[in-house]
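In: sequence? don't have it. structure:
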């Protein structure tokens, strides 16, 4: 399959420290009302429980997690003996975070009546907002029990409202996309969304209405679907679903993001670009358990980013690894190959290699670009110059 990807960025899950390993104590203690969860007690405490659980997956080094901690503790105290509030150090227990598709920190999930299908919490980060969401989820759990339902809060997209209003929108995942879409003879229209995205929320009712109308008019031959790009990042990365918010979120909520700047499409053609992307995808898959973030852009497409990383103007392809918390980066000085990039990342993992401050001291502005269509580039069409009105005799008179 052609890994056709946006000409701006490729996002692939995963991340760890850019320059060194940092040891940080957990954010919660036994004196808190927040229950510490680990792989050894998670199944017993949460999955086998009849209680409603709110679980935060965090990393001790994550600034957003540190700011959430006092609010999470407030919510846990307010909900004591009503709703269980827990926390998982997903940096330490990566297998548990990976089991629930945790790609960034903090991630909050609601474990309701169907513990095997937790819902993503997308509300505010204050104690009051968390308590309100917990009580709302608790009411829904009671209604489920009253109606004898064994399923979770919805059978459709997590964090996207009532599933009954979008019954004709098909939810796709990394595992189901190829079988349902690529191997199908039907026409598919797929929305890649982020649950926290305001534009996505505004589109949701229109997308649901369109799905029902199109299904009726085409007798099911045209299907509308949706992919949560924050959960199914491998699938999203294949098709370049990205914007400035996601680019910043990828770097700011993780310790390391790897940025590749590929040659212009006119210099490599589609085959050359795809060969570079295949290298990136292969390495991203190799390091996926480390939860790194990967981004790519075309040479010249993001000049401010290139300037901030000291890449601009020459030497493509190029690569840099950014530690957004410290606003420092390291440049790939070896070959842009599977072996060269692997050695570069391994050195960073052990705290070796030189770093420099990101130019400007802040994440650079990202320009909005049209996505790459997976095809060879085309030279810009130049306007024909009409010389019919030019008087050559007059030109000759002006000569010295």
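Out: Right, received. Where do you want to start? Here the structure is a predicted model, which means the values were calculated and not measured.
In: give me the low-pLDDT residue ranges for the stretch 301-400 of the chain?
Out: 312-314, 371, 381-400 (pLDDT under 70).
In: how about a cut-off of 50?
Out: Counting by pLDDT under 50, the stretch 301-400 of the chain contains low-confidence residues at 395, 399-400.
In: packing partners for the helix or strand harbouring residue 70?
Out: Using DSSP states H and E, residue 70 sits in helix 63-78. Applying 3 or more Cβ pairs under 8 Å, 6 or more residues apart in numbering; DSSP states H and E, we find helix 63-78 packed against strand 53-58, strand 84-89, helix 127-146. Using the backbone N, CA and C atoms, a C-beta is placed for each residue, glycine as well.
In: what mean pLDDT does the first one have?
Out: For strand 53-58, the mean pLDDT works out to 96.
In: got it, and the second one?
Out: Along strand 84-89, the predicted confidence averages to a pLDDT of 96.
In: neighbouring strands - and their directions - for it?
Out: Using DSSP bridges, strand 84-89 pairs in its sheet with strand 35-37 (parallel), strand 53-58 (parallel).
In: can you pull out the helices in the chain?
Out: Assigned by DSSP state H, the chain shows helices spanning 42, 63-78, 94-99, 127-146, 177, 198-218, 233-238, 244-252, 265-286, 303-308, 338-349, 392-398.
In: hey, least reliable of the ones you listed by pLDDT?
Out: In terms of average pLDDT, helix 392-398 trails the rest of the helices of the chain, at a mean of 53.
In: spatially, what comes nearest to residue 98 if we skip its sequence neighbours?
Out: Leaving aside its sequence neighbours, residue 98 sits nearest to residue 289 (Cβ to Cβ, 6 or more residues apart in numbering; 6.8 Å).
In: ok, that neighbour to residue 103 distance?
Out: Distance of residue 289 to residue 103, given as Cβ to Cβ, to the nearest Å: 12 Å.
In: would you mind telling me which of the two has the busier surroundings?
Out: residue 103 (25 against 13; other Cβ atoms under 10 Å).
In: local confidence estimate at that one?
Out: 83.
In: quick one: it from residue 97, how far?
Out: According to Cβ to Cβ, residue 103 and residue 97 sit 9 Å apart.
In: shared neighbours of the two, anything?
Out: Here residue 103 and residue 97 have residue 291 as joint contacts, going by Cβ atoms under 8 Å, 6 or more residues apart in numbering.
In: about what we covered before: just the buried positions in the helix holding residue 70, please.
Out: With burial defined by 16 or more other Cβ atoms under 10 Å, the residues of helix 63-78 counted as buried are 65, 68, 69, 71, 72, 73, 74, 75, 76, 78.
In: tell me the angle of that helix relative to strand 53-58?
Out: Helix 63-78 runs at 160 degrees relative to strand 53-58, counting by axes from the mean of the first three to the mean of the last three Cα atoms, to 10 degrees.
In: and helix 63-78 with helix 127-146, angle?
Out: 60 degrees.
In: ok, and what's touching helix 63-78?
Out: If you take Cβ under 8 Å, 6+ apart as the criterion, helix 63-78 is touched by 27-28, 32-35, 54, 56, 58-60, 85, 87, 105-106, 125-127, 130-131, 134, 252-253, 325.
In: then stretch 82-99?
Out: 26-28, 33-39, 42, 45-46, 49, 51-61, 72, 75-76, 79, 102, 105, 107, 134-135, 137-138, 289-291.
In: redo that, cut-off 6 Å
Out: 26, 28, 34-35, 37-39, 51-57, 59, 76, 79, 102, 134, 138 (Cβ atoms under 6 Å, 6 or more residues apart in numbering).
In: now the end-to-end length of it.
Out: From its first residue to its last, stretch 82-99 covers 26 Å (Cα to Cα, to the nearest Å).
In: same deal with stretch 31-49?
Out: 22 Å.
In: which of the strands paired with strand 84-89 sits most buried?
Out: strand 53-58 (a mean of 25; mean count of other Cβ atoms under 10 Å).
In: what separates that strand from the chain centre, distance-wise?
Out: Here strand 53-58 is found 19 Å from its chain centre; the criterion is Cα atoms, centre = their mean, to the nearest Å.
In: next one: stretch 336-354
Out: Centroid separation for stretch 336-354 versus its chain: 23 Å, with Cα atoms, centre = their mean.
In: what comes up buried for it?
Out: Neighbour-count burial for stretch 336-354 flags 336, 341, 342, 344, 345, 348, 349, 353 (criterion: 16+ other Cβ under 10 Å).
In: among the residues you listed, which pair sits farthest apart?
Out: With distances taken as Cβ to Cβ, the most widely separated pair in the buried residues of stretch 336-354 is 336 and 349, at 18.7 Å.
In: burial measure for residue 378, as a count.
Out: Close neighbours of residue 378, defined as other Cβ under 10 Å, add up to 8.
In: please apply the same query to residue 276.
Out: Residue 276 has 19 nearby residues by other Cβ under 10 Å.
In: check contacts around it.
Out: 262, 317.
In: list the buried ones in stretch 174-190?
Out: Applying 16+ other Cβ under 10 Å to stretch 174-190 flags 174, 177, 180, 181, 190 as buried.
In: relative to residue 332, which of those is nearest.
Out: The nearest member of those to residue 332, counting by Cβ to Cβ, is residue 174 at 27.7 Å.
In: give me the distance between that closest one and residue 278.
Out: Taking Cβ to Cβ as the measure, residue 174 falls 18 Å from residue 278.
In: before we move on, what about residue 189?
Out: Counting by Cβ to Cβ - residue 189 and residue 278 are separated by 27 Å.
In: same question, residue 297
Out: 17 Å.
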